[in-house]
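# Here is a sequence together with a model predicted from it:
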There are 2 protein chains.
Amino acid sequence: MIPASNISGLDSPDFLIEETSFDRASIATNGCKFMIGNGRMGVRGTLEEFSKEQLAACTLAGVYDQLPGKWREPVNAPNPFYVRAFHEGVLLSAESLQPVSHRQWIDMRTARHGRETVFRLDGGLEVSIKAVRFLSAAETHAGVMRYSIEASRDCELVIEAGIDGDVWDLNGPHLGDFAASEQDGVLVLGARTHEQGRALAVGVAYEETLPAGNTRPAEIAARATSITRRVTVRARAGAAYSFSGYISFFCDTENAAARVVECCRGSLATGCDAMFAAHCDVWDGRWRRSDVEIDGDPGAQLALRHGIYQLLIVAPSHTDRVSIPARGLSGQVYKGGVFWDTEIFMLPFFTHTQPETARRLLSYRSHTLDGARRKAADLGFRGAFYAWESQETGDDACTYFNVTDVFTGRPLRTYFRDKQVHVSADVAVAIWNYYRQTGDTEFIVEGGAEVILECARFFLSRACIDPDTGRHEIRDVVGPDEYHERVDNNAFTNAMVAATLRIAIDTLELMRNHDARALATLVARLDYANDARRLGEMAARLYRPSPSPDSGVIEQFDGYHRMEDASLVEVTKRVIQPSEYWGATHGVAANTKIIKQADVVLMLHLFRDEFSEDVKRANWEYYEPRTEHGSSLSPCVYALVAADIGKTDWAYRYFLKTATIDLTGDSKQYVGPLYIGGTHPAANGGAWMAAVLGFGGLRVCDGFVRLDPVLPEGWESLAFSFCARGDWFRARITRGGISVTADAANRAGVEFRFAGGAGAVCAPGATLSTDVLS
Amino acid sequence: MIPASNISGLDSPDFLIEETSFDRASIATNGCKFMIGNGRMGVRGTLEEFSKEQLAACTLAGVYDQLPGKWREPVNAPNPFYVRAFHEGVLLSAESLQPVSHRQWIDMRTARHGRETVFRLDGGLEVSIKAVRFLSAAETHAGVMRYSIEASRDCELVIEAGIDGDVWDLNGPHLGDFAASEQDGVLVLGARTHEQGRALAVGVAYEETLPAGNTRPAEIAARATSITRRVTVRARAGAAYSFSGYISFFCDTENAAARVVECCRGSLATGCDAMFAAHCDVWDGRWRRSDVEIDGDPGAQLALRHGIYQLLIVAPSHTDRVSIPARGLSGQVYKGGVFWDTEIFMLPFFTHTQPETARRLLSYRSHTLDGARRKAADLGFRGAFYAWESQETGDDACTYFNVTDVFTGRPLRTYFRDKQVHVSADVAVAIWNYYRQTGDTEFIVEGGAEVILECARFFLSRACIDPDTGRHEIRDVVGPDEYHERVDNNAFTNAMVAATLRIAIDTLELMRNHDARALATLVARLDYANDARRLGEMAARLYRPSPSPDSGVIEQFDGYHRMEDASLVEVTKRVIQPSEYWGATHGVAANTKIIKQADVVLMLHLFRDEFSEDVKRANWEYYEPRTEHGSSLSPCVYALVAADIGKTDWAYRYFLKTATIDLTGDSKQYVGPLYIGGTHPAANGGAWMAAVLGFGGLRVCDGFVRLDPVLPEGWESLAFSFCARGDWFRARITRGGISVTADAANRAGVEFRFAGGAGAVCAPGATLSTDVLS
């Protein structure tokens, strides 16, 4: 892949997402679909003239603020991509003036956003605006925009460009103490957060690249929450007026304004093309590792790429102190909280294609371990109970009243925070899976082990013992299916807890072999000797609901089978208000068998070696019609298990539902009166999993790699790269067979098993093929 | 006390409850206030011309029916006290014609209902109606009424009297297959219940006692659900036309109609005066044992007597297969269910004054043990989990959705049925208290022991063990305060469970000493040897929340102190609809510290020897302002503990609130859209407890009896009879001292301890006095 030669060029249609008309109703969806980002900041795909009313947002990763009595949530920085053009006092906005032509796009290969819009004004004057922008992947404090305006006949245009600090907030305003200035040709807007007084500054320096006509001297206007530069252009017919904007943002840095000025000046000196080239270099490397190529299904190809793109723009490359929130960097929804989404739905993608990022995401959990300890202690338990909605400290941003009742306007007591204990198991299992697939023993030693042991310890104290049988149980929990609260022995949760206990035992063993002294130090520091002895007993005695001898169905939790077996259609009919919550003890689903999302079926995916195909089929078929998919995490799981049991058509349907989520905007937008729109990185990760782990059948096992592919109808080939325990491979699956090519730099040969067949070793630089597929 | 010389006479104003005007709004309240009953049937205090619209009801004890999809509830029998008088086609009804004078009364001493009403019709004609009725306490299948009508000038009156089968039903109709007939001068209406086809028949035979003027021959009219006898009277000015009605009812008897005819004929032969005399004999005996005399406070005196009366009219004397429902026999409210109300709130009254009845009530639990076993097994436990709302089989009539949401009209999942486990402990503790206070070892051997052991076994299986500490806990329960659902370690529940375990151990010991062979047989039959060994361990390890070292306050359940500490005023302000339910996870109280009823404070009463006065005071003062008293069970408990800690003014206030409940009608009438009005026997029992156990300070202990009285301001004396381990005493407390007189028939002297002083023995027939009181 060769990147576009310059910031405005477009040469990769396979990576292009575009809209070719303007629809006011799509503003929010497009804000998500056309996002750009560099892990440090996300910029919603809104037009340059848009502001908070159109949900414009530059969301900062890992910067949170809380106003008294309101929800704690990420901070949206002042928007430095803000440009408004006027003709005779009329704002040229796609929202207020229906454009005669309009195109909005992202080039995913280079992570650029662009738009071209033509407005027709009174008297037939046509004015066209073109703009492109990116947030640098090479210098993550910087971004560049390019703006160009042209009129169909001579006229005077006013261009107001600058930094808009009047930002969109759900529970704001989060910024105060605004300070606007021009320093060394750079517009700077500084501000502070309310809760912690965290200083941030945003800057932009403009460079005219194509001055047209007579331009009156720029006027700088510093207002309460903005600073802009106003230029009046005597435009000549057909001659564009263009400028570049070099933007920068800093937070939590001493003298952030000075750093911003320095960064903008540096970008100016580097110049747009060089900035862009460095940015493209990074993205080229990313795609080389992470792209998945599908031949024969352009729609699926584009959707899957979009998902991968969305993951890559929000993943942190600059720090291991943040992780990926459930709505990425697309705004403040879900409080910018990091959920189990990252570990269970996104991490496989990163582990297999960007392992350094996977390590960073898991390091975030290691850094927030004390928050998880505080939460456990606060609830009377030992060990680490990770936050349901984790922010920078690991303390839980999820409130005990997280949903508002639409009928009374009252907050509903929900149990996401205190009962969804599987989150600690999700973290432990994810760390162990990362370790097994990367061989990164250092990460275990340097922090992973402590997290695993503390999570296991939490379950030692969270369990209870049935006095009649001595059976250990996990009661009073919420499983992935949040519509059923406070249940006992959720099959998924118990399976995850059992895994955590085994992993803790394996971790102790690993450390013993690897660095016995480090282990001794850790055990002493954690006072873990006694708990270490208890792990095996609890693992042996922990109850796990098993498949019914008759039907093979695993009961989701004790008593699930007593719930009303109303159909999804019937339950949907009972809904009185479209946005009412289906759970929370009395919701329409709460006392039926209708579940929010994959629960038992997720267990079948995560522990797929433990269950027979018959059991997987029985449970998939039982739970599938009873699943509302009220969570974007659900369809990919049904796709994965469907692929596993040979239901390729169903797998494809669910894959497509997952992969298109941020293209169609077809997802739940409200729970009660609460806006929950935004991007869906977990579904994006799920789309990758469905494609590579599901259809590709990739499994990195201990000592070998499996590929058991099934191709959906119409797919001619599926190709992807992946990393297995530090070595890189590229797989290509066609209807004729499988081939795997090992990177020449690999350290040694790796055994592959194709489609259930015997193993063969793929040496560095070699290609291994099979034609067993029909 | 000498009973009234005849059915119409009134000579005991101290036992008279009356209303001297008619108010349509009081019809429902008066229906409860003026009830009569004989344990087999309750007849609401409605006027003779009233029917189902005015909530007339003859509620049968222990006869239940259920229509598909509706609640199972008691059957209201056809009403044989039905009389309507017409003048020129106008019905003489207090509801439709405002009477010129009206009086309604009950004479509690003889359990009679009466009314006198004068109507003024067009042209100044005045017609007066007098009626009296009772349900025989001597022959519980029989009742008698006396009806008299008189006009101020000559006129024609039509009297339609008979049996009204078009009865008031909440979830009916429960009766079908009506068969109306006249047999041997007796009007008979037979019917069958729907669910089980239980046959019942109601009859009435009339006897004219004062025929006035020319009476046209009676016409019998048998309609679909009624049979009446129509008499046209040419009334002469000032001359009464009167008749007696001899009623009878049978259920579940072969040939019920024939039995009814036989009974009515027998009553006719016996005659009204003899019937009444036999009835009064029984009531005379009841009052001799159960009356409590208060000098100096006529209002309190009358209210307390009314409570005692209400208990005596609903208590079964004919069978040990029924107990007293939570709303007595005042209708179908609460499904006619027997709650813990009986054991904890009513039983002390019966144990101390009508021990045969107490035994009957507890035998009901023994007879319904299998229902309790079924319930435990159904929920996955062993032993006996008694029904929250128990009917004739002991199966639980309480539904899982027992309250309807007023905002959505949807059923709310409530946890009364499956989580209010204390009911099994209530039964066990009540049996043991009965045994300790009566010495009735036979009852233990003949059934009580089995109940106790099975209840203890339930808790052995219902507990869970904390794996960190080995502590036994009772998690996921609802305590008496039903506004807080699914809590862990409710202090009251854990205390009751601990008591049950100790009682089970004591029961085994008692039986071992009393009848080792019976014990061996029982243990073998119940396969109890292993459980018997486990009782002590669980009793030793069971967690009981203890008073805070700082404040002395006992936390009601784990996490109660984290609830919002909103005031009752504030929480009340949040109510949107007056009848909305305050509990059920999201109700206005559910997440605050506001509690429905005495919970910790009830524990302080039941286990008053275990807690210091400081702890009792701290908890009373802490919980009192946080208690809504949304249950009629609550105020008496606050009265009892207030008396215990010397807050006599508060005790009096709460006593009066309890004692007047069925006089004022001042209680909750609706939960959601559900009518819950009716009588309140638990509060009636609570009023007796507050008076005798609270102010009287009576405690029958092992080996001695204590009297630690405190008299409310204005009370000159308090006198009551009581039974202690089979011997009878009369106590009289004045401001000057205490005196106790032992019945001459007592078997031996009994030690008394007055006001904390040393003991003295009261020999049979002797009187013991002290003047220690100020």
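Nice, I can see it.
# For the rest of this, base every contact and every neighbour count on C-alpha atoms.
Will do.
# So which residues of the stretch 1-150 of chain A form helices?
Read by DSSP state H, counting those that start in this stretch, the stretch 1-150 of chain A holds these helices, from start to end of the chain: A:27-33.
# Now do stretch A:556-575: distance from first to last residue.
Stretch A:556-575 has its terminal residues 24 Å apart, counting by Cα to Cα, to the nearest Å.
# list the buried ones in that stretch?
A:Gln556, A:Phe557, A:Tyr560, A:Leu568, A:Val571, A:Thr572, A:Val575 (16 or more other Cα atoms under 10 Å in any protein chain shown).
# Show me what from the stretch 401-550 of chain A comes close to chain B.
Residues of the stretch 401-550 of chain A lying near chain B by Cα under 8 Å from any Cα of the partner chain: A:407-408, A:412-413, A:460-461, A:463-468, A:476.
# List, one by one, the residues from chain A near chain B.
Checking chain A against chain B by Cα under 8 Å from any Cα, the hits are A:407-408, A:412-413, A:460-461, A:463-468, A:476, A:576, A:585-586, A:591.
# Contact partners for the residue in the stretch 101-250 of chain A that chain B sits nearest to?
For the stretch 101-250 of chain A and chain B, the shortest gap (Cα to the nearest Cα) falls at A:Asn171, measuring 22.6 Å. A:Asn171 makes contact with A:Gln66, A:Leu67, A:Lys70, A:Trp71, A:Arg72, A:Glu73 under the criterion Cα atoms under 8 Å, 6 or more residues apart in numbering or on different chains.
# In PyMOL, how would I select the buried members of these?
Of the contacts of A:Asn171, the buried ones go into a single PyMOL selection, burial set by 16+ other Cα under 10 Å:
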select buried, chain A and resi 66+71+72+73
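# Out of the contacts of A:Asn171, name the ones that lie in strands.
Among these, the residues falling in strands (DSSP state E) are A:Glu73.
# so which of the contacts of A:Asn171 comes closest to chain B?
Taking Cα to the nearest Cα as the measure, chain B lies nearest A:Lys70 of those, at 16.8 Å.
# residue in the stretch 51-200 of chain A nearest to chain B?
Checking the stretch 51-200 of chain A residue by residue against chain B with Cα to the nearest Cα singles out A:Gly69 as nearest, at 14.2 Å.
# From the residues of the stretch 401-550 of chain A next to chain B, list the buried ones, please.
The neighbour-count criterion (16+ other Cα under 10 Å) marks A:Leu412, A:Arg413, A:Leu460, A:Ser461, A:Ala463, A:Cys464, A:Ile465, A:Asp466, A:Pro467, A:Asp476 among these as buried.
# among these, which are in helices?
A:Leu460, A:Ser461 (DSSP state H).
# What is the nearest of the buried ones among the residues of the stretch 401-550 of chain A next to chain B to A:Leu97?
Ranked by distance to A:Leu97 (Cα to Cα), those are led by A:Leu412 at 42.3 Å.
# Show me chain A divided up by domain.
In the assignment given by automatic domain parsing, the structural domains of chain A cover A:13-289, A:291-695, A:701-770.
# Would you reformat those domains as a markdown table and include mean pLDDT and distance to B:Gly703?
Rendered in a markdown table, the data for the domains of chain A read as follows (pLDDT from 0 to 100; distance: least, Cα to Cα, whole Å):
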| stretch | mean pLDDT | distance to B:Gly703 |
| --- | --- | --- |
| domain A:13-289 | 94 | 61 |
| domain A:291-695 | 96 | 37 |
| domain A:701-770 | 94 | 76 |
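# Out of the ones you listed, flag the one nearest B:Trp715.
Among the domains of chain A, the nearest to B:Trp715 by Cα to Cα is domain A:291-695 (48.5 Å).
# chain center to the closest one: distance?
On the basis of Cα atoms, centre = their mean, to the nearest Å, domain A:291-695 is displaced by 14 Å from the centre of the chain it belongs to.
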